[in-house]
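Asks: next comes the sequence, and after it the predicted model I'd like to discuss.
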Amino acid sequence: MRALVTGATGFVGRHLVAHLAAAGDEVAISEAEITEPDALEADFEGSRPDAVYHLAAQADVQASFTDPAATLRVNVEGTFNVLAAARRAGAGRVVVISSADVYGRVEPESLPVDESCAMLPVTPYGASKAAAEMVCLQAGLGRGLDVIRARAFNHLGPGQSDRFVAAALASRVAANERNGSEVVRVGNLEARRDFTDVRDVVRAYRLLATGGQAGEAYNVCSGAARAISELAEALLSRAQHSMRLETDGELLRPVDVAEVSGDASKLHSATGWRPEVPLERTLDDLLDYWRCRTADPSGVSGGSAAAESELPSWGDSQ
């Protein structure tokens, strides 16, 4: 199968490209900015993909509050451009990566949430993903394009930027191991999220490309909510010396959802997918990644550790 991936150099994109190649797919990547339709279309015409995986996005929830207009432009207009390029290139199927943030604040009695739940986003990022989903529906209903929406819940694993909560914790633990500090700055520890290893997530994306139903949305999640405090304590228990958590008001969001958990039974019914990587292994691998990166920032892919550490952390892992 010929596959084309947008956002291939990002955290999830790198794992997806590796998984597709291991599965025997012929993989091309689009390096064009998704807000530049002419450059994007040239990439699609050159590869003529059977399947497109659209991962490129502004995925930082915290940053979406700072510049919501830019988030909307990248995530909505960019998705429109990708779908238009895919249609003109004759792509067989497009898997568009959406987010659990489209659901917003769900009442406890409605958890775990399934795909029939209304989209009621409370963050600019969630609103941008909900709008992008409407663009996907129009492309299917109005243009006949085969589009699947994958609603990714929180995911984590080696290679993740410290703009996101689990990696932010791991990076601070690893830095403390190097400099001897005992304080790990944290935001809201009470929030509960549904975490899945990125390697399980990319398996789900390929299974949807081969076995999902056109026009449908699918949750990609573990089905269990864990408190951020549980992740923090688990990472501290792996530290090489004693550390303590300390709340930093700058890491608290203007709006936060207390609990998010999803129902992945629709995905399981369509593809047989279930998460396989235990959280313990994920946290081990994530912390080892940040230990390597802290020891040699230039030796691990993903950009400058110093530059990323200056960005707002404590976003969701999407």
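Replies: That came through, no problem. Numbering: from 1, shown residues only.
Asks: how about the helix or strand harbouring Ala204: buried residues?
Replies: Using DSSP states H and E, Ala204 falls within helix 198-211. For helix 198-211, the buried set under the neighbour-count rule, 16 or more other Cβ atoms under 10 Å, comprises Val198, Arg199, Asp200, Val201, Val202, Arg203, Ala204, Tyr205, Arg206, Leu207, Leu208, Ala209. C-beta: built from backbone N, CA, C; applies to glycine.
Asks: show me what it packs onto, helices and strands only.
Replies: helix 11-22, strand 51-54, strand 93-99, strand 147-152, strand 154-156, strand 217-220, helix 265-271 (3 or more Cβ pairs under 8 Å, 6 or more residues apart in numbering; DSSP states H and E).
Asks: hey, least reliable of these by pLDDT?
Replies: The weakest mean pLDDT among the helices and strands packed on helix 198-211 belongs to strand 154-156, with a mean of 95.
Asks: just checking, next helix/strand downstream of it?
Replies: From strand 154-156, the next helix or strand downstream (DSSP H and E) is helix 165-179.
Asks: shouldn't Arg291 be in contact with Asn176?
Replies: No - the pair Arg291 / Asn176 is not scored as a contact, 11.0 Å apart, by Cβ atoms under 8 Å.
Asks: adding distance to Gly126, write the helices and strands packed on helix 198-211 out as JSON lines.
Replies: Below are these laid out as JSON lines (distance: least, Cβ to Cβ, whole Å):
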{"stretch": "helix 11-22", "distance to Gly126": "18"}
{"stretch": "strand 51-54", "distance to Gly126": "17"}
{"stretch": "strand 93-99", "distance to Gly126": "7"}
{"stretch": "strand 147-152", "distance to Gly126": "11"}
{"stretch": "strand 154-156", "distance to Gly126": "13"}
{"stretch": "strand 217-220", "distance to Gly126": "14"}
{"stretch": "helix 265-271", "distance to Gly126": "20"}
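Asks: and of those, who's closest to Ala191?
Replies: strand 154-156 (10.1 Å; Cβ to Cβ).
Asks: list the buried ones in that closest one?
Replies: Asn154, His155, Leu156.
Asks: and stretch 114-130, by the same measure?
Replies: Those would be Glu115, Cys117, Met119, Pro121, Thr123, Pro124, Tyr125, Gly126, Ala127, Ser128, Lys129, Ala130, for stretch 114-130 by 16+ other Cβ under 10 Å.
Asks: now for the residue lying closest to the second one once chain neighbours are set aside: which residues touch it?
Replies: What sits nearest to Cys117 in space, not counting adjacent residues and going by Cβ to Cβ, 6 or more residues apart in numbering, is Tyr103, at 5.5 Å. Tyr103 is in contact with Val113, Cys117, Ala118, Met119, Leu120, Pro121, Gly126, Val260, counting by Cβ atoms under 8 Å, 6 or more residues apart in numbering.
Asks: so how far is Ala152 from Leu120?
Replies: Leu120 is 18 Å from Ala152, where distance means Cβ to Cβ, to the nearest Å.
Asks: got a list of contacts for stretch 203-216?
Replies: 1, 3, 16, 19-20, 23, 25, 51, 53, 93, 95, 97, 115, 137, 140-141, 146-150, 218, 220, 266-267, 270-273, 276.
Asks: thinking again about what came up before, closest to Gln240 out of the helices and strands packed on helix 198-211?
Replies: strand 154-156 (21.0 Å).
Asks: which secondary structure elements does that closest one contact?
Replies: helix 165-179, strand 192-197, helix 198-211.
Asks: hmm, 10 Å instead?
Replies: helix 11-22, helix 165-179, strand 192-197, helix 198-211, helix 228-237, helix 279-295 (3 or more Cβ pairs under 10 Å, 6 or more residues apart in numbering; DSSP states H and E).
Asks: and those, which is most packed in?
Replies: Per residue and on average, the most neighbours among the helices and strands packed on strand 154-156 fall to strand 192-197, with a mean of 24 (mean count of other Cβ atoms under 10 Å).
Asks: take the buried residues of strand 154-156 and write them to JSON lines, including distance to Glu36.
Replies: Below are the buried residues of strand 154-156 laid out as JSON lines (distance: Cβ to Cβ, whole Å):
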{"residue": "Asn154", "distance to Glu36": "30"}
{"residue": "His155", "distance to Glu36": "28"}
{"residue": "Leu156", "distance to Glu36": "31"}
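Asks: one step back: need the helices and strands packed on strand 154-156 in TSV with distance to Glu36, can you?
Replies: Shown next, in TSV, are these (distance: least, Cβ to Cβ, whole Å):
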stretch	distance to Glu36
helix 11-22	18
helix 165-179	29
strand 192-197	32
helix 198-211	24
helix 228-237	37
helix 279-295	31
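Asks: looking at those, spot the one closest to Pro108.
Replies: Using Cβ to Cβ, these put strand 192-197 closest to Pro108, at 10.4 Å.
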